[in-house]
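>>> how would this look folded up:
(one chain, ligands or ions: 1)
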Amino acid sequence: MRHVTEVMTPSRLSWSSVSTYAECGQRWLLERGHKVPTATWFATIAGSVIHNITEERDRLQLMGFGPEEQIEFSSTFETGFVKALSEAAEEGREVKPSGRKLKEVSESGGPDKKDESWWLHFGPIFLDRWMTWKQEFGWEVLVLNDGTPCIELKFEIELGGEPIVGFIDRGYTGVAGITLLDLKTGTMPTGSLQLKTYDLGMKRNYGISADWGMFWTPGGGEGGGKLSQGVDLKAWSDDRVEEMYASAMRGIKAGVFLPHVTAMCRGCTVRDFCWAVAGERAEELPAIPVVIDRASGEISAPSADAQV
Ligand code: SF4
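Numbers count the residues shown, from 1 in each chain. Next up is the predicted model:
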């Protein structure tokens with residue numbers, strides 16, 4: 001896979017794109033602008049498999065199938081994970097273990113951190129925790145007027161004048177009102193922009209105003225994983241979220257890609273191309289990125305003044 005030297009502005013943004021840009025502009029530039037070959041993580045692949053299987057099982061449950069029938073009808077973690085790993089291998093992507101190097105295998109890591117065998121062990125356990133959590137909480141899946149359940153519900157809206165696309169993992173109704181939930185298979189997130197973006201997607205595409213946003217993770221809880229504290233979705237003004245997306249696109253169009261060097265750089269999948277950590281392939285890319293505005297086809301950065 002070859003990287004591209006000219007950077008095209010994205011046709012639409014997502015929460016993860018804005019989040020990457022806010023965390024480290026240079027990483028956004030390398031991953032999504034120059035599209036340099038990136039490694040991936042066993043955790044990322046496993047997380048996607050768990051998402052797919054929980055979605056399938058939740059849909060089957062709504063159709064009236066019990067837990068045993070669901071497992072019989074849907075794919076298992078092992079088959080999905082092995083297939084996804086072989087696809088990554090075909091694409092020539094390196095897959096890395098994350099987590100801690102420990103003497104004994106635990107939920108934090110193991111002798112080879114969270115590698116393939118770690119996920120083959122814990123993946124099915126995490127799936128079971130999701131099913132247990134659902135049963136314990138007993139929340140009803142939110143169903144739209146046309147009968148569509150809020151399971152991986154797609155929305156497409158404009159925020160700050162930019163088109164945004166996203167998928168709401170789950171919407172539930174309960175005593176506290178409507179809750180939008182995002183499943184995480186890694187650490188519990190600290191920010192809530194993702195949940196507020198879901199809220200705006202739900203409001204603008206489906207006319208439903210949610211009350212709370214929450215994250216669920218399989219680790220750190222008793223039996224059924226752990227639920228984050230509720231984020232009051234009405235506490236944030238929509239304008240702030242709009243501006244977050246608009247600012248990100250303004251920065252991209254202006255060619256502003258500041259690196260943010262932290263301890264997290266050790267695990268950055270594009271660090272070989274990052275000049276800020278003296279990546280060994282950084283010189284393959286221009287020092288000043290040329291950004292093309294996708295809509296006009298014109299160069300948006302560097303500015304005309306800077307190009308003279
Ligand atoms: S190595 Fe650090 S500074 Fe460089 S792109 Fe990655 S996260 Fe950003």
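>>> hmm, who's touching stretch 262-270?
24, 27, 30-31, 36, 38-41, 96, 98, 271, 274, 276-277, 279 (C-beta atoms under 8 Å, 6 or more residues apart in numbering). C-beta coordinates here come from the backbone N, C-alpha and C atoms, glycine included.
>>> how about it: buried residues?
Across stretch 262-270, burial judged by 16 or more other C-beta atoms under 10 Å covers C265, C268, T269, V270.
>>> Of these, which ones also sit close to the ligand?
Of the residues in those, proximity to the ligand by C-beta under 6 Å from any ligand atom holds for C265, C268, V270.
>>> which ones among the buried residues of stretch 262-270 are found in strands?
Counting by DSSP state E, the buried residues of stretch 262-270 place none of their members in strands.
>>> could I get those residues as TSV with distance to A210?
Converted to TSV, these look like this (distance: C-beta to C-beta, whole Å):
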residue	distance to A210
C265	36
C268	33
T269	33
V270	35
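>>> okay if I get the residues you listed as a markdown table plus pLDDT?
What follows is the buried residues of stretch 262-270, written out as a markdown table (pLDDT from 0 to 100):
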| residue | pLDDT |
| --- | --- |
| C265 | 95 |
| C268 | 93 |
| T269 | 91 |
| V270 | 94 |
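>>> which one of the residues you listed sits closest to D146?
Nearest to D146 among the buried residues of stretch 262-270, counting by C-beta to C-beta, is T269 at 40.0 Å.
>>> Over to the closest one: give its phi and psi.
phi -80, psi -10 (degrees, to the nearest 10).
>>> So F215, which state does it fall into?
Classification of F215 by DSSP: H, G, I helix; E, B strand; the rest coil places it in strand.
>>> need the contact list for it.
Going by C-beta under 8 Å, 6+ apart, the list of residues near F215 reads L181, D182, L183, K184, M188, P189, L195, L227, S228.
>>> partner residues bridging it?
Beta-bridge partners for F215, by DSSP bridges, are D182.
>>> cool, and I299?
With beta bridges defined as DSSP bridges, I299 has these partners: I292.
>>> Was I right to think it contacts V290?
Yes: using C-beta atoms under 8 Å, I299 makes contact with V290 at a distance of 6.1 Å.
>>> which strand of the protein spans the most residues?
Under DSSP E, the chain gives strand 162-174 as its longest strand.
>>> for that strand, packing partners?
Counting by 3 or more C-beta pairs under 8 Å, 6 or more residues apart in numbering; DSSP states H and E, the packing neighbours recorded for strand 162-174 are strand 140-141, strand 151-159, strand 177-183, helix 193-206, helix 238-253.
>>> and of these, who's closest to T132?
Of all these, strand 177-183 comes closest under C-beta to C-beta, at 13.8 Å.
>>> What subset of the contacts of F215 is buried?
So, by 16+ other C-beta under 10 Å, the buried ones in the contacts of F215 are L181, D182, L183, K184, L195, L227, S228.
>>> Wait, the first one touches G225, no?
No: taking contacts as C-beta under 8 Å, L181 lies outside contact range of G225: 11.4 Å.
>>> joint contacts of those two?
Shared contacts of L181 and G225 (C-beta under 8 Å, 6+ apart): W216.
>>> quick revisit: just curious, which of the contacts of F215 is nearest to the ligand?
P189 (17.2 Å; C-beta to the nearest ligand atom).
>>> Let me know the pLDDT of the closest one.
Note on P189: pLDDT of 86.
>>> Over to E6?
Listed pLDDT for E6 reads 88.
>>> can you check G221 too?
For G221, the pLDDT comes out at 58.
>>> go on, M1?
Listed pLDDT for M1 reads 50.
>>> Tell me which helix or strand V7 sits in.
Assessed by DSSP states H and E, V7 sits inside strand 6-8.
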